[in-house]
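Asker: Output the structure for:
(one chain, ligands or ions: 1)
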Amino acid sequence: MSKKSKFSFVDCSEAATCCDKAQYEEANLFEKAKLMLHLFFCKTCRKFSNRNSKLTHLMKESKLETCPEEKKKQWKEQIKKEFAEERT
Ligand SMILES: [Zn+2]
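Answerer: You can find the predicted model right below:
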């Protein structure tokens with residue numbers, strides 16, 4: 001079942017993208033604001049965001065932030081995949 005979120009400006013997939021960007025501090029203020037608003041209404045994305053933060057935290061803990069871009073991309077993809085599975 002995939003229904004588009006009615007909440008506002010952002011649908012869930014866009015929120016996920018913003019979320020990823022925010023984690024890597026690539027999101028601008030507007031994107032962050034949109035994300036926050038979406039998270040406020042959308043439980044699914046909130047959950048995703050929480051886990052995303054945890055992962056980011058783990059990455060920092062293990063100093064993986066100095067890892068190559070490729071590795072980061074891998075992480076991002078993995079997170080996205082998990083998120084997609086959860087929503088099906
Ligand atoms: Zn959502």
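
Asker: When you work out contacts or count neighbours from here on, use the C-alpha atoms and nothing else.
Answerer: Will do.

Asker: which residues does Lys32 contact?
Answerer: Applying CA atoms under 8 Å, 6 or more residues apart in numbering to Lys32 gives the contacts 18-19, 22.

Asker: so which strand or helix has it?
Answerer: helix 29-41 (DSSP states H and E).

Asker: Find out how far that helix is from the centre of the chain, if you would.
Answerer: Remark: helix 29-41 is offset 11 Å from the chain centroid, using CA atoms, centre = their mean, to the nearest Å.

Asker: For stretch 18-37, list the C-alpha coordinates in CSV.
Answerer: In CSV, the C-alpha atoms belonging to stretch 18-37 read as follows (Å, rounded to 0.1, in the frame of the first residue of the first chain):
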residue,chain,number,x,y,z
CYS,A,18,15.8,16.0,2.7
CYS,A,19,16.5,13.9,5.7
ASP,A,20,19.5,12.3,4.0
LYS,A,21,20.8,15.7,3.1
ALA,A,22,20.2,17.1,6.5
GLN,A,23,22.2,14.2,8.0
TYR,A,24,25.1,15.1,5.9
GLU,A,25,24.6,18.8,6.4
GLU,A,26,23.9,19.3,2.7
ALA,A,27,20.3,20.6,3.2
ASN,A,28,19.6,24.3,3.2
LEU,A,29,17.5,26.0,5.7
PHE,A,30,14.4,25.8,3.6
GLU,A,31,14.8,22.1,3.1
LYS,A,32,15.4,21.6,6.8
ALA,A,33,12.2,23.5,7.6
LYS,A,34,10.2,21.5,5.2
LEU,A,35,11.6,18.3,6.6
MET,A,36,10.8,19.3,10.2
LEU,A,37,7.3,20.1,9.3
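
Asker: Against which helices or strands is whichever helix or strand comes after the helix holding Lys32 packed?
Answerer: Later in the chain than helix 29-41, the nearest helix or strand by DSSP H and E is helix 43-61. Contact partners of helix 43-61 among helices and strands, from 3 or more CA pairs under 8 Å, 6 or more residues apart in numbering; DSSP states H and E: helix 12-23, helix 29-41, helix 69-87.
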